[in-house]
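Enquirer: Sharing a model prediction with you, sequence too.
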Amino acid sequence: MKRGESGLKEIDLNSLVDIAFLLILFFMLATTFMRPAGDKVQIPSGGHSTAQSKTLTVQMSTSGIIFGDSKNPISMDELQARLASERLPEKEPNQRLVILESAKDVPYSDYFRVVMMITQSGGVLALIDNEGDR
């Protein structure tokens, strides 16, 4: 300890800086850096389906949701009601197929919500992914 001009003792902080540096170095070397788990999800985009007429189709775009052969867009609630009216769990497994076509500019939250509706209604989900459209 040294005496300053005012007569008070000063504490030497050089050793404290050394200890702080060693602690930082220790934690940097001892820490494991991990990448976040998960995969990048790409929403498939597709053109018109060539599936059989018995197969249900859901087409998503920014203008709305088209169910089956209808030309008019429907809301999420209407889609849920129409999927429920199909009584998919009562059908044979090969007749429960629901094809989902999605434009690439559809928000992921809407896409995910439709996927969950199809799955919860007992449908077997089929995704159309046209790599040439991207």
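Expert: Looks like it came in fine. All values derive from a computational prediction rather than experimental measurement.

Enquirer: Low-confidence bits of this protein, can you list those?
Expert: Judged by pLDDT under 70, the chain has its weakly predicted residues at 1-6, 35-54, 129-134.

Enquirer: Show me the beta-bridge partners of residue 74.
Expert: In this entry, residue 74 is beta-bridged to residue 65, by DSSP bridges.

Enquirer: I meant residue 56, not that one.
Expert: residue 98.

Enquirer: From what I see, it and residue 91 are in contact.
Expert: No. Residue 56 is beyond contact range of residue 91, at 10.3 Å (criterion: Cβ atoms under 8 Å). Placement of C-beta: from N, CA and C, glycine included.

Enquirer: More neighbours: which of these two?
Expert: Ranked by neighbour count (other Cβ atoms under 10 Å), residue 56 and residue 91 place residue 56 first, with 20 against 15.

Enquirer: State the distance from that one to residue 126.
Expert: Applying Cβ to Cβ, to the nearest Å, the value for residue 56 to residue 126 is 10 Å.

Enquirer: Grab the longest helix from this protein for me.
Expert: Using DSSP state H, we find that the single longest helix of the chain is helix 14-30.

Enquirer: which other helices and strands contact that helix?
Expert: Applying 3 or more Cβ pairs under 8 Å, 6 or more residues apart in numbering; DSSP states H and E, one finds that helix 14-30 contacts no other helix or strand.
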